[in-house]
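> Mind looking at a prediction? Sequence and model below.
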Amino acid sequence: MRWPDRLAGVIGALLLLAVLVPMGLMLWSLLEQGAGVISVDFLLDDPRQAGRAGGIAALLVSTGWILAVCLLVAAPMGLGCALYLSEQVPAGTRRAQWLGGTLDMLAAVPSIVYGLFGYQFFAISLGLGFSILSGGLALALMVLPLMIRSAEQALRAVPFSYRQAGEALSISRWGWVRRILIPQAAPGIAVGIILSIGRALAETAVLLFTAGYVLRRPDSLLDSGRALSVHIYDLAMNVPGGMPRAAATGLVLVAILVILNLLVRRWLHPAQGAWQ
Amino acid sequence: MITISSRFHADSLLTWLLRLTGAAAVLVLGGIIAVLLIQSAPFMLEHGSALWRNDWQPGQARYGMAAMIAGSIVVSVLALVIAGPVAVLLAAWLRYFAPSVRRPVLTLVELMAGIPSVVYGLWGMLVLVPWINRLAPPGASWLAASLVLALMILPLALLVTDTALGQLPARYLQAGQALSLSRVGMLRRVLLPQAGPAIVSGLVLQFGRALGETMAVLMVAGNVVRWPTSLFDPVRTLTANIAVEMAYATGDHRVALFASGLLLLLVTAVLLALSWRLRGERHEMA
Amino acid sequence: MTSLTLELQQVSVYYGNQAAIEQASLSVRAGELMALVGPSGCGKSSLLASINRMTDGIPGCRVSGTVLLGGDALSASQDAATLRRRIGMVFQQPNPFPLSIIDNLRFPLAEHGVPRRERDRRAEQVLRAVGLWEEVKGRLSQSALGLSGGQQQRLCIARALVLEPQVLLLDEPCSALDPVSSKVVEELIVSLKGRYTLLMVTHNLAQARRIADSVTVCWMQEGCGCVVESNACHLVFEHPSHPITAAYCAGAAG
C-alpha cells in the first residue's frame, strides 16, 4: 500500500473516533445523570413538584394521545396521497415534479415554523387552544411528507407484471388496489408509519405552542398535554434540580426510538437490505 | 350488467378521493405560507427595513433582527464547516478503506440521525457547556451551539455522501485499480469531483436543517441578543428567539416573530432550490 | 361459448410519432391457432396488445385500423372490460397474482360479477382443462408463487380461460420456461384449439411449424414493422411467396 493510502486509512480511523467518542460521552452522561432514577415506578408514577420528583406516567399518556391523533390523520392522508401518486401520476411528468417539489419543501420547513402555523391555525383560528388535538394535527402535517414518500416508494415497488395481469383481466381499480397493491406494499407502508412515529416522538418545537406544557394527565383531546420531548426540555431548562429526571426521560425516549429502529430493520431486512 | 356499473362507481369515487388527498399536500404548503404571510405582511410593510437593524427591543417597539439573523448564520456555518468535511471524509473512508466496518457504522449513524434534538441539547448542557465554561465562561455560546449542531447534521451528511458515492459507476474504481493508482488519488481527482454535486446538494440541505434547528440551540447557545463577536459569546438564533418569546409576546411583538418565521421559510425555500440545482436533475419522485 | 374468427385490417400502432407496426392485416379462422413470427422489434407484441386494448393504458400510444371479432368490427368506444372478457391474454413471464391458487381464479370471477357458488365450479373446470387439477387440488389455498414456472404459466392460462373468452392471445408463452415445462404448455395450447381461437407470438419457428394452423410473418422495413406474408402453415414453410419469408423460415425448414 502506498503511503497516501496508509495515511488516509489512519486519518479515517481517527475521524471515526472523533465521532464515536462524543456519542459515547453523550450516552454516558445521560446514564450517569438519569440511570439512578429509572425504575418501573418512574414509568408508572405521575410527575410531582413540577417534575422534580415522581415519574413520567402522565407524559407517556399525553404523548400516546398526541401520537394517536397524529397517526390517525397522517396515515390515511399519506396513504391516499401516495396512492394518488402511484396510480394517477406517472413518474417524470410535470405533475410528478411539482408534487415532488412540494413534498420536498414541506419536509424542509423548520419545525418551529410548523409550530407557528399550528399555533395560529389550529390553536387560534380553529379555536382548539393548547390541546392534544392542536399538537397532534400540527405533528401530522410535519410527518406527512415522510409518510407519503415511504408509502409511495412501497407502492411503486410492486412488480409491474401484476398490474399487467390485472389489466388484461379488466380488474377494476378498486379491486386491484384492495387485493393486490396494498397487501403487497403493506410492509413498506408499515415501515413508513414506524418512521413517522419516530420522527413525531423526536419533535419538540412544533408542540411548544400547540400541545402546550400542562403536566397533568389529559382528560380529553382538548386538554393540553405535555409530550416526552417537551418534558425533557422543560426539566433541563426551567426546573432547578430537574436534570436527573430530564436525563432519565431522555433515556426512555432514546430506548423507544431504538426499539422502533430495530422493528424497521426486521421488516425491511427480509425484503431488501437497508444498505447495499 | 349491475356489477360492472357499480364497479365503475367505486372506481370513480376512488379516483376522486385520491385526487383530493393529492391536492392536500399542496394545500398544506399553501396554507403555511398563507398564514405566515397574512400574519406578518402588514407589519413588515409598516416596519420595512427597520427589521434589518441590530436593535431588538420589543418593549420599545424596536424589532431589528440583525443580531439574531447573524446568530443563526454564524452558528450554522461553523457547524457545517466542522461536520461537512468530517462527513465526506468519513464516508469515503468507510467505503474505500474500511468496507468491513461500513455496515455496522452506518447502522449506528442511522440511529444517531433519529436521536431527538432535545437529547443532543441535554448532552450539550451536561457535558459541553461546563467544559467550555472552564476554558472561557459562560460556556453557553456560539461554539457550544455549533458543536452540538455539527453532531446533529453529521449523520445525514454522511449518509447522503455515502449514497452519492455508491451511485458512481464501478468502472471508475476498476480503472484506477487496474492502473494501480492510490485510492487517495482516485478520490481526489475522480470520485469526489464526480460525486461532488450530489454531495454538495446534500450538505446544502443539512445547512438548511441547521438554520432551522431550535431546541438544541436554545439549550446551549446562551440566548443573549447580541451581535456575535467571539466564539465564546452567547448568541441567540432566530429560531430560539421565536421559541423563547412566543410564550409572552403580544400584538406587534408577536407579529414580529411571525415575520421572522416567514424569513426562515423563505431561506429554506432558497436553499432547497439551490440543492435541486446542484443535483442537476429536475426534481423527481423516488 | 364458441370460438370466433379474428380479423385485423390495416392495423397500425404508434408510440408518439414512432410507428411500431403499420398496416398489419391478418385473419385467424375460428378455432385455429395462428403463429405470429418475425425478428425482435417488428411490433408483434404491440400488435397483440392493440387487439385487447392493453395499449389504452400506454400514454402517447395510438392505434388505427379495424379489428373484427366474428365478423363484427370492434369500436374504440366500446367498454374495454367486456372486450377483455371475450379476448384473453397470456404473457411471456408467468404472472400469477400473489394470492392463493384458488384465489387467482376466484378474484377475476368476482370482479366480473360471477356469483360465489359458480366461481369454484368454474375454477375447477379450467384447472382440469389446463391439466393442473390433479397437481394442485390438495393445495388450492397455498400461494400461487410456490408453483414451478411451468405450473405458474398453466395457472395463468387457466386464469385467462376462467372468464370464458372466445379468443386467446399468447405472447411467447413458452420462452421463459425450461424445455420440459415448455413442452407441457405447448401441448396444452394445442388442446385448446377448436374451443378457442388462438393468436400466438413466438420466436420459435420449429414450434410454429409444429402446432400452428396458419402463420403470419412480420419484418422490419424502414424502421417500423409490417406484415410480409400471412398464409396456411404448410404454405408458408414449404411454398413461401415472399423472399423474406423464404430466408427467415429457412432455419425451420430443414
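It's in.
> May I ask which helix or strand of chain B has the lowest mean pLDDT?
Sorting the helices and strands of chain B by mean pLDDT, DSSP states H and E puts helix B:170-178 at the bottom, at a mean of 73.
> Extract the C-alpha trace of that one and format it as PDB.
In PDB, the C-alpha atoms belonging to helix B:170-178 read as follows (Å, rounded to 0.1, in the frame of the first residue of the first chain):
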ATOM      1  CA  ALA B 170     -18.000   0.900 -10.800                       C
ATOM      2  CA  ARG B 171     -15.800   1.300 -13.800                       C
ATOM      3  CA  TYR B 172     -14.100   4.300 -12.400                       C
ATOM      4  CA  LEU B 173     -12.700   2.500  -9.500                       C
ATOM      5  CA  GLN B 174     -11.900  -0.600 -11.600                       C
ATOM      6  CA  ALA B 175      -9.800   1.600 -14.000                       C
ATOM      7  CA  GLY B 176      -7.900   3.000 -11.100                       C
ATOM      8  CA  GLN B 177      -7.200  -0.300  -9.600                       C
ATOM      9  CA  ALA B 178      -6.100  -1.700 -12.900                       C
END
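> Show me where chain A has its strands.
A:47-48, A:53-54 (DSSP state E).
> Please render the ones you listed as a markdown table that adds mean neighbour count and mean pLDDT to the earlier fields.
(Glycine included, C-beta is placed from N, CA and C.) A markdown table is the format used below for the strands of chain A (neighbours: other CB atoms under 10 Å in any protein chain shown; pLDDT from 0 to 100):
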| stretch | mean neighbour count | mean pLDDT |
| --- | --- | --- |
| strand A:47-48 | 17 | 82 |
| strand A:53-54 | 16 | 82 |
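> gap between C:G194 and C:G70?
Here C:G194 is placed at a distance of 16 Å from C:G70 (CB to CB, to the nearest Å).
> try B:G22
Counting by CB to CB, the gap from B:G22 to C:G70 is 43 Å.
> Flag every residue of the stretch 151-276 of chain A that's near chain B.
A:152-153, A:156, A:172-175, A:177, A:198, A:201-205, A:208-209, A:229, A:232-233, A:236-237, A:243, A:246-247, A:250, A:253-254, A:257-258, A:261, A:274-276 (CB under 8 Å from any CB of the partner chain).
> that older thread, the strands of chain A: which one's closest to A:A96?
Closest to A:A96 of the strands of chain A is strand A:47-48 (CB to CB; 48.1 Å).
> Up against chain B, what does chain C have?
Residues of chain C lying near chain B by CB under 8 Å from any CB: C:D79, C:A81, C:T82, C:E111, C:H112, C:G113.
> now, which of those residues lie close to chain A?
Answer for these near chain A (CB under 8 Å from any CB): C:A81, C:E111, C:H112.
> Give the closest residue to the residue nearest the centre of chain A in space, chain neighbours not counted.
Chain A has A:R199 as the residue nearest its centroid, 1.9 Å off, counting by CA atoms, centre = their mean. Residue nearest to A:R199 in three dimensions, not counting chain neighbours: A:V143, with 5.2 Å by CB to CB, 6 or more residues apart in numbering or on different chains.
> What does the pLDDT read for the one you found?
A:V143 is assigned a predicted lDDT (pLDDT) of 93.
> again, but for C:A252
C:A252 is given a pLDDT of 51.
> ok but C:V63 is inside a strand, no?
Yes - counting by DSSP: H, G, I helix; E, B strand; the rest coil, C:V63 is part of a strand.
> roughly how far apart are it and C:L8?
Separation of C:V63 from C:L8 (CB to CB): 11 Å.
> What residues does the residue nearest to the centre of chain A make contact with?
For A:R199, the contact set (CB atoms under 8 Å, 6 or more residues apart in numbering or on different chains) comprises A:M142, A:V143, A:L146.
> Low-confidence stretches in the chain?
Defaulting to chain A. For chain A, the stretches flagged by pLDDT under 70 are A:1-2, A:268-276.
> wrong one, chain C
For chain C (pLDDT under 70), the answer is C:1, C:251-254.
> all helices in it, in order from the N-terminus.
Ranges of helices in chain C, per DSSP state H, are C:44-51, C:80-86, C:101-111, C:116-129, C:133-136, C:149-161, C:179-192, C:205-211, C:233-238, C:243-253.
> Pipe those helices into JSON lines and attach distance to B:Y63 and mean neighbour count per row.
Below are those laid out as JSON lines (distance: least, CB to CB, whole Å; neighbours: other CB atoms under 10 Å in any protein chain shown):
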{"stretch": "helix C:44-51", "distance to B:Y63": "66", "mean neighbour count": "24"}
{"stretch": "helix C:80-86", "distance to B:Y63": "64", "mean neighbour count": "18"}
{"stretch": "helix C:101-111", "distance to B:Y63": "64", "mean neighbour count": "23"}
{"stretch": "helix C:116-129", "distance to B:Y63": "71", "mean neighbour count": "15"}
{"stretch": "helix C:133-136", "distance to B:Y63": "77", "mean neighbour count": "14"}
{"stretch": "helix C:149-161", "distance to B:Y63": "70", "mean neighbour count": "24"}
{"stretch": "helix C:179-192", "distance to B:Y63": "78", "mean neighbour count": "16"}
{"stretch": "helix C:205-211", "distance to B:Y63": "83", "mean neighbour count": "18"}
{"stretch": "helix C:233-238", "distance to B:Y63": "88", "mean neighbour count": "17"}
{"stretch": "helix C:243-253", "distance to B:Y63": "83", "mean neighbour count": "15"}
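> With distance to B:V127 added, can I get those helices in CSV?
Listed next are these as CSV, based on distance: least, CB to CB, whole Å:
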stretch, distance to B:V127
helix C:44-51, 66
helix C:80-86, 67
helix C:101-111, 59
helix C:116-129, 68
helix C:133-136, 65
helix C:149-161, 61
helix C:179-192, 67
helix C:205-211, 75
helix C:233-238, 85
helix C:243-253, 79
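> so which of the ones you listed gets nearest B:V86?
Proximity to B:V86 (CB to CB) singles out helix C:149-161 among the helices of chain C, at 50.8 Å.
> same for that closest one, what does it pack against?
helix A:160-168, strand C:87-90, helix C:101-111, helix C:116-129, strand C:167-171, helix C:179-192 (3 or more CB pairs under 8 Å, 6 or more residues apart in numbering or on different chains; DSSP states H and E).
> that older thread, and B:G22 and C:G70? which has more neighbours close in?
The residue with more neighbours, out of B:G22 and C:G70, is B:G22; 22 against 15, by other CB atoms under 10 Å in any protein chain shown.
> Test my guess that that one contacts A:Y84.
Yes - between B:G22 and A:Y84 a contact is recorded at 3.7 Å, counting by CB atoms under 8 Å.
> Domain boundaries for chain A, per the record?
A:1-34, A:40-271 (automatic domain parsing).
> Deepest-packed of those domains, please.
By mean neighbour count, with neighbours taken as mean count of other CB atoms under 10 Å in any protein chain shown, domain A:40-271 ranks first of those at a mean of 21.
> Of the residues of the stretch 151-276 of chain A next to chain B, which fall within the contact range of chain C?
Applying CB under 8 Å from any CB to those, those adjacent to chain C are A:S172, A:G175.
> Identify the residues contacting A:D46.
A:G54, A:G55, A:A57, A:A58, A:R216, A:R217.
> if I look at the closest residue to A:G192 other than its chain neighbours, how far off is A:I189?
In space, and not counting its chain neighbours, A:G192 is closest to A:S150: 2.8 Å by CB to CB, 6+ apart. Counting by CB to CB, the gap from A:S150 to A:I189 is 7 Å.
> Where does the prediction get shaky in the stretch 51-200 of chain B?
Using pLDDT under 70, the stretch 51-200 of chain B drops low at B:177, B:179-180.
> Can you show me the strands along it?
Under the criterion DSSP state E, counting those that start in this stretch, strands of the stretch 51-200 of chain B are mapped to B:56-57, B:62-63.
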